[in-house]
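# let me see the structure of the following:
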Amino acid sequence: MAIEEDIAKIAEQERALVFDRFDLSTAWDLGSLLRHMATERGLGIAIDVRLHSMPAFYAALPGSTADNEGWVRRKRNLVLRFFQSSYAIGRKLAQQEATLQEKFGLSSTDYAAHGGSFPITVAGVGCVGAVTVSGLPQREDHNLVVEALARMLGKDISLLRLD
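Numbering: from 1, shown residues only. Model (predicted):
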């Protein structure tokens, strides 16, 4: 899929994957769903669900590494700064042939424009947190999060998934 198509599809995902409400119980359910999906598929990933600065769910599955926590933190920081998915920002930067440092003055020590973190958005409120996974290639990290959100929200993943 071309960069332009990815950017348009991710924008569609961000519009569609919106909760009516989201609290600590919902965060636990989302994290648990991702853990179940990853365990079922044998994926060695780290999973993080956060309500802004408050951790709500974290799991590191067999096969993940200490580095995954750093990637989670950096991708999540990007989502909580821009209220967009980390993959969308990465694709836009690739389209512009720019880096986070060049465009926004953001250090790669604290921010990563790689797929796998997605804003948790509540209708009428906005972004209240982020859900993040790390351990797969970035497009797969992104697709896994989108699939879990689609399941929770009763959306058709076949219409939302990046090819």
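# show me the beta-bridge partners of the spatially most central residue of the chain.
Among the residues of the chain, S117 comes closest to the average C-alpha position under C-alpha atoms, centre = their mean, at 1.9 Å. Taking DSSP bridges as the rule, S117 bridges to T132.
# show the contacting residues for it.
72, 75-76, 78-79, 85-86, 130-133, 145 (C-beta atoms under 8 Å, 6 or more residues apart in numbering). C-beta here means a position set from N, CA and C on the backbone, and glycine is covered the same way.
# I'd like the distance from the helix or strand bottoming out on mean pLDDT in the chain to the chain centre, please.
Lowest on mean pLDDT, DSSP states H and E among the helices and strands of the chain sits helix 157-160, with a mean of 94. How far helix 157-160 lies from its chain's middle: 16 Å, per C-alpha atoms, centre = their mean, to the nearest Å.
# that one - contacts with which helices or strands?
helix 3-16, helix 138-153 (3 or more C-beta pairs under 8 Å, 6 or more residues apart in numbering; DSSP states H and E).
# as JSON lines, those with mean pLDDT, mean neighbour count and distance to A66 would be great.
Below are the helices and strands packed on helix 157-160 laid out as JSON lines (pLDDT from 0 to 100; neighbours: other C-beta atoms under 10 Å; distance: least, C-beta to C-beta, whole Å):
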{"stretch": "helix 3-16", "mean pLDDT": "97", "mean neighbour count": "16", "distance to A66": "29"}
{"stretch": "helix 138-153", "mean pLDDT": "98", "mean neighbour count": "21", "distance to A66": "17"}
